[in-house]
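J.: okay, here's the prediction I keep looking at, along with the sequence it came from:
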2 protein chains.
Amino acid sequence: MDIKNKSITSRDDDFAQWYTDVCKKAELMDYSNVKGFIIYRPYGYAIWEQIQHYLDNEFKKTGHENIYMPLVISESLFQKEKDHIEGFAPECLIATIGGGQELQDRLIIRPTSECVFTEHYSHIIKSYRDLPKLYNQWCSVVRWEKTTRPFLRGSEFLWQEGHTMHATEHEARQETLRMLEIYDKCGKDLLAIPFVKGRKTEKEKFAGALETYSIEALMHDGKALQSGTSHYFGDGFAKAFGVQYLDKDGKIKTPYQTSWGVSTRLIGAIIMVHGDDNGLVLPPFVAPIQVVIVPIKMNEHGVLSKCQEIKETLEKSGIRVKLDSSDKTPGWKFSEYEMKGVPLRIEIGPKDLNQNSCMIAKRNDGKKDRYSLENIAETCSSVLKTIHNEMYNAALHNLLSNIKEAHSYEEVKTIVNNGGYCKMMWCGSEDCENKIKEDTNATARCIPFDQVAFDDTCPVCGKKAKYVVYFAKAY
Amino acid sequence: MDIKNKSITSRDDDFAQWYTDVCKKAELMDYSNVKGFIIYRPYGYAIWEQIQHYLDNEFKKTGHENIYMPLVISESLFQKEKDHIEGFAPECLIATIGGGQELQDRLIIRPTSECVFTEHYSHIIKSYRDLPKLYNQWCSVVRWEKTTRPFLRGSEFLWQEGHTMHATEHEARQETLRMLEIYDKCGKDLLAIPFVKGRKTEKEKFAGALETYSIEALMHDGKALQSGTSHYFGDGFAKAFGVQYLDKDGKIKTPYQTSWGVSTRLIGAIIMVHGDDNGLVLPPFVAPIQVVIVPIKMNEHGVLSKCQEIKETLEKSGIRVKLDSSDKTPGWKFSEYEMKGVPLRIEIGPKDLNQNSCMIAKRNDGKKDRYSLENIAETCSSVLKTIHNEMYNAALHNLLSNIKEAHSYEEVKTIVNNGGYCKMMWCGSEDCENKIKEDTNATARCIPFDQVAFDDTCPVCGKKAKYVVYFAKAY
């Protein structure tokens, strides 16, 4: 009801406002009366359910089990790993009153669950037979943020957090990379988003991790978005929490740990990678509604019953379909489902019926074609696949054409200021990272897996270069 | 690894200890270091996932949509409905510090979400076209409890909460009863648990509700367990939060509201209805592992490969199956999966191979029979159905034979003290409820839907009886 055609800001006029407009008008979210805590409305939550469904299946296929850990972490437990508490302390929400009484050990609302997982592991891991432990949790976490933005940065967000324990360093490192690959595959298969993959710099890694890997996406405005992370912890947490096991060789050993997560931030990525001036554009496999059927001259004989028949045919072949038989005008409906990013629209009226055909409109490029109603399910499946591929390829083209090599510090500044990734050689020192951040507000996104040196020196300090690194402004 | 045969207390020696033993030894849960907050271990969580899967499907079939609301509710918002805040205030966990600063409006960690849903509805319901709103949320809630017990009463538990808004009182009342029916059906189809259904007394109803309906189960020790509730709110919350809509007739009206929920308490019900001295007994359709295959003389030629083949056959027909090829002894494995309540065990060794058959043991009654390996999937499916029916019928028999009519106050006391439901006529006064509670600790479980009067007077006060009511001691 509250959708109006062209009622949103243009994407290139004011990207931030366009983003907020899409979030609201596509009914993905609403604000609650507590700042930074959003309401995930049914249409937004349904996108998250699709992501959950895909990933949960991948996690289980690779032997992971779901678990649910307490929402609260006692302050004393949280303090066991020093780097970790230092990283999270400033953004904790803390409960101090329970059942009318002041709490002796105050309770932190979980910002992440390394501490409670590791504490639990200290109780249940005794022998090499208990390893590996491959656990995952779907939940919400709370991080008290000053400036918030729907899906991108909020005081509460939905996520999954995997926490695993392994007998050897090698196996734990493999797990860290294996899960990064699953996230990357989710981008390719489900979200139609290509990622840059790599390792975080020391400055940018997770509090308490030895190494952090990430997938980084490129938004339409040229900013990067960290879209998922996978951490290797070594045995730091395990030692802090006293996790030990008796190995085959009769020796007491400490296991090696990982954690990895993606969040509802991915919804933000979908919006900002694919959206356009008519609103959301959803990749078909993550779309809660893949096909919408809009009857034209609905009251004329046979139109509505044919639409119903098509709906059932599509449902039977597993397509998520909606028939809108409300009394709104077709034009109104077109705008509404464009705003909501439904990938494929079927229009069908009395003339189409006579020809046993219908019009199919693709949301991603607006192209409209006539198709026979024979094999309509196969046609839709095939067009949905085409849309997915087109969207992925467009995003890939945008990503690749916005990775630019810098050979001087001037070039570094120009590239990051123009938007996109600056690919540069780097000496590895935090001083150079800090200088770039001060001058441009860009940060090191990652040290990509592809390491083909193209210069000898770091363009910032002129010293010997060690790594290829990507810098960009980021959300 | 930590399962030992006969390592649990006998059910009839000490039911409370038996319950705790099963929870721990079947690896359903563990304690965290914060009192009352348990860890839902993978095996326990997987049972919850089955319940979620069943109910989520039923909710969606009946037009409900999932949503996610903030975890925190500002104290000022929570105070808008008076009965509600009075009911919940004593058990609230309250956050007072965020990002290092004291919060001006303190935040209650949600104990239930009527307030945030109704506040949201006040923003999105404008017209009769926006009704009904049929929303559901899967989440955890926090209620600060003094005495806690795994799954039955905890400071944090997992649940679903449906919150709906309707144009008419009639429709809202129908919704309240429709959802109660879905819970009842879940008992019948999935949990193999029969319920007593009815309306709560004024004293026992939910804080802020006009009417509360519940499903009540009977545990092995004769205590009742409230297993799910459905509330009709009238327009109380809607008025307190200013939810109004423009109706077809051009008039501004207030909608009518319901909420309904079940929680991980259902896991407690499963344990206490079906469990025995060897541990958990899971109803087949809710069991994370429905069939376990235990190879006998695993290293002899062909045994393991045949087991693998059977596993794949069963998986293909949709059965959840585990092959345990670990180096533990078969006897050890038998005990372990008995403790974990796996409904059906296949034993297969070299002799069985020769006969192209296997032994199938039923967890619910311990009976073992030989079956051909031809059509093993059909055989398993059929035995699983039989087990479900046997378990449901046993529970139904136990329920029905423990509902006893009382005609005098002496009988009331004797019946509730012996365990089971006391079916009695009641005058409807809270004084009589209070007297029974003082004398016996039993409470009114519900005013059942079946109302066939069998006495004229209330056995407590001797005044004219209005209702048939069930009293029982309860968890």
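T.: On my side now, so go ahead.

J.: ok, which stretches of the stretch 151-300 of chain A are strands?
T.: For the stretch 151-300 of chain A, the strands defined by DSSP state E, counting those that start in this stretch cover A:156-166, A:196-199, A:211-218, A:224-234, A:245-246, A:252-253, A:256-263, A:291-295.

J.: wait, which of these is closest to chain B?
T.: Proximity to chain B, assessed across these by C-beta to the nearest C-beta, is greatest for strand A:156-166 (5.6 Å). From N, CA and C alone the C-beta is placed, and that goes for glycine too.

J.: and that closest one, what does it pack onto?
T.: helix A:42-61, helix A:114-124, strand A:133-142, helix A:169-186, strand A:256-263 (3 or more C-beta pairs under 8 Å, 6 or more residues apart in numbering or on different chains; DSSP states H and E).

J.: next, the angle strand A:156-166 makes with the fourth one.
T.: Right, helix A:169-186. Counting by axes from the mean of the first three to the mean of the last three C-alpha atoms, to 10 degrees, helix A:169-186 lies at 140 degrees to strand A:156-166.

J.: in helix A:169-186, what counts as buried?
T.: Neighbour-count burial for helix A:169-186, counted by 16 or more other C-beta atoms under 10 Å in any protein chain shown, picks out A:171-173, A:175-176, A:179-180, A:182-184, A:186.

J.: what do you get for the first one?
T.: Neighbour counts using 16+ other C-beta under 10 Å place A:42-51, A:54-56, A:58-59 of helix A:42-61 among the buried residues.

J.: the last one now?
T.: By neighbour count, with 16+ other C-beta under 10 Å as the criterion, the buried positions of strand A:256-263 are A:256-263.

J.: chain B: which of the buried residues of helix A:42-61 is nearest?
T.: Checking the buried residues of helix A:42-61 against chain B by C-beta to the nearest C-beta gives A:P42 as the nearest, at 3.7 Å.

J.: count the neighbours of the closest residue to the closest one other than its chain neighbours for me.
T.: Leaving out its chain neighbours, the residue that sits closest to A:P42 by C-beta to C-beta, 6 or more residues apart in numbering or on different chains is B:E65, at 3.7 Å. Residues contacting B:E65 under the criterion other C-beta atoms under 10 Å in any protein chain shown number 16.

J.: check what pLDDT B:E65 gets.
T.: Note on B:E65: pLDDT of 98.

J.: go on, the one 4 residues further on?
T.: At B:M69 the predicted local distance difference test score is 98.

J.: would you check how far apart it and B:T118 are?
T.: 11 Å (C-beta to C-beta, to the nearest Å).

J.: picking up where we left off before, can you lay out the strands of the stretch 151-300 of chain A as TSV showing mean pLDDT and distance to A:M425?
T.: TSV is the format used below for those (pLDDT from 0 to 100; distance: least, C-beta to C-beta, whole Å):
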stretch	mean pLDDT	distance to A:M425
strand A:156-166	98	33
strand A:196-199	98	14
strand A:211-218	98	19
strand A:224-234	98	19
strand A:245-246	98	43
strand A:252-253	98	40
strand A:256-263	98	29
strand A:291-295	98	48
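
J.: so which of these comes closest to A:H274?
T.: Of all the strands of the stretch 151-300 of chain A, strand A:211-218 sits nearest to A:H274, with 10.8 Å by C-beta to C-beta.

J.: follow-up on the earlier one: and the helices and strands packed on strand A:156-166 as a markdown table, adding distance to B:T147?
T.: Converted to a markdown table, those look like this (distance: least, C-beta to C-beta, whole Å):
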| stretch | distance to B:T147 |
| --- | --- |
| helix A:42-61 | 35 |
| helix A:114-124 | 23 |
| strand A:133-142 | 26 |
| helix A:169-186 | 40 |
| strand A:256-263 | 34 |
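
J.: nearest to A:P459, out of these?
T.: The nearest among the helices and strands packed on strand A:156-166, by C-beta to C-beta, is helix A:169-186 at 28.1 Å.

J.: which other residues reach the closest one?
T.: Defining contact as C-beta atoms under 8 Å, 6 or more residues apart in numbering or on different chains, one finds that helix A:169-186 is touched by A:51, A:54-55, A:58-59, A:62, A:132, A:134, A:162, A:164-166, A:195, A:197, A:211, A:213-215, A:227-228, A:230-234, A:255-258, A:260, A:262.
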